[in-house]
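1. need coordinates for the below:
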Amino acid sequence: MKEVCIILSILSIITATVLYCHKVWTRKIHPTLSTWITFLTGVVLSLVTFLLASDWNFKSNFLNTIDVFITSIIVAVIIARGTKKTHFRAFEKWYLVGAAFIIAYGFITGDAWHSNLFAQGLITLGYLPTIITMVTEKRNTESFATWGVSEFTCLIALYPVWTNGDVLAIVYLLRGIFMISLLLALMAYYELRAKRALVHQTMIV
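-> This is a model prediction of the structure:
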């Protein structure tokens, strides 16, 4: 059962990545390169600290390992498609500063376990620009297909990770499930709000 869940989650995340990269390549979406570089920084930092804390046990947190590869692929596709500008906004600069502090903390204290928890907090903060954009613009700016498949991936991967009993791997997945669920809820809210506004406008006309 564990092996089936692992295979399904890997296929699911590959599907989400292909969908996203296709939208980037066909210019249906225009992601910011700097945003994905900061996200890549977060998942790499998370993986490295996890491996140091778990004696290089790749299998226990396989989804974090895959996240590093797919995020790298997305960054490469964005660059290949011509989006090479890496102007970092204020939030992204502070994000990288936070990553530097976590690295420094890990080197000074040798505490990879808590460094990994700090990395989870950093990745969580990485969702804020997307959330703030939707709240500010009062509309859905994201893809249900991509985030929906990502949520499915995390839910499927939770079983084998939970049975392995590695706390840090479980935290990584629960963090992802919570933040993606929040994002999907906001997306659904603004989609429903837009439909209601359209119906109301039609009735007035």
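2. which residues does residue 112 contact?
-> Shown in contact with residue 112 (Cβ atoms under 8 Å, 6 or more residues apart in numbering): 49, 50, 52, 53, 106. Quick note: C-beta positions are derived from backbone N, CA and C, even for glycine.
3. quick check, pLDDT for the closest residue to the fourth one other than its chain neighbours.
-> The shortest distance from residue 53 to any residue other than its chain neighbours is 4.0 Å, reached at residue 112 (Cβ to Cβ, 6 or more residues apart in numbering). Confidence at residue 112, expressed as pLDDT, is 95.
4. list phi and psi for residue 112.
-> phi -70, psi -30 (degrees, to the nearest 10).
5. what's the answer for residue 28, then?
-> According to degrees, to the nearest 10, residue 28 has phi -80, psi -20.
6. how close does it get to residue 133?
-> 17 Å (Cβ to Cβ, to the nearest Å).
7. look at those two and report which has more neighbours.
-> residue 133 (12 against 9; other Cβ atoms under 10 Å).
8. which residues are contacting the helix or strand where that one lies?
-> Element membership of residue 133, judged by DSSP states H and E, is helix 128-137. Contacts with helix 128-137, where a contact means Cβ under 8 Å, 6+ apart, come from 35, 89, 91, 92, 140, 141, 142, 182, 183, 186, 187, 190.
9. who are the packing partners of the helix or strand harbouring residue 173?
-> According to DSSP H and E, residue 173 maps onto helix 167-204. Counting contacts by 3 or more Cβ pairs under 8 Å, 6 or more residues apart in numbering; DSSP states H and E, helix 167-204 packs against helix 33-53, helix 62-80, helix 112-125, helix 128-137, helix 144-164.
10. got the ones you listed as TSV, with distance to residue 195 columns?
-> Below are the helices and strands packed on helix 167-204 laid out as TSV (distance: least, Cβ to Cβ, whole Å):
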stretch	distance to residue 195
helix 33-53	28
helix 62-80	30
helix 112-125	30
helix 128-137	16
helix 144-164	14
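11. residue 173 is nearest to which of those?
-> helix 144-164 (5.2 Å; Cβ to Cβ).
12. now do that closest one and helix 128-137, the angle between them.
-> Calculated by axes from the mean of the first three to the mean of the last three Cα atoms, to 10 degrees, helix 144-164 forms an angle of 140 degrees with helix 128-137.
13. mind exporting helix 144-164 as CSV, just the C-alpha atoms?
-> Taking Å, rounded to 0.1, in the frame of the first residue of the first chain, the C-alpha atoms of helix 144-164 are listed here in CSV:
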residue,chain,number,x,y,z
PHE,A,144,-7.3,25.1,-9.8
ALA,A,145,-5.8,22.2,-11.9
THR,A,146,-2.3,22.8,-10.7
TRP,A,147,-3.0,23.5,-7.0
GLY,A,148,-5.7,20.8,-6.9
VAL,A,149,-3.2,18.1,-8.2
SER,A,150,-0.6,19.4,-5.7
GLU,A,151,-3.1,19.0,-2.8
PHE,A,152,-4.0,15.5,-4.0
THR,A,153,-0.2,14.7,-4.1
CYS,A,154,0.3,15.7,-0.5
LEU,A,155,-2.8,13.8,0.7
ILE,A,156,-1.7,10.6,-1.1
ALA,A,157,1.9,11.0,0.2
LEU,A,158,0.7,11.4,3.8
TYR,A,159,0.0,7.7,4.3
PRO,A,160,3.5,6.3,3.6
VAL,A,161,5.2,9.3,5.4
TRP,A,162,2.9,8.9,8.4
THR,A,163,3.6,5.1,8.7
ASN,A,164,7.4,5.8,8.5
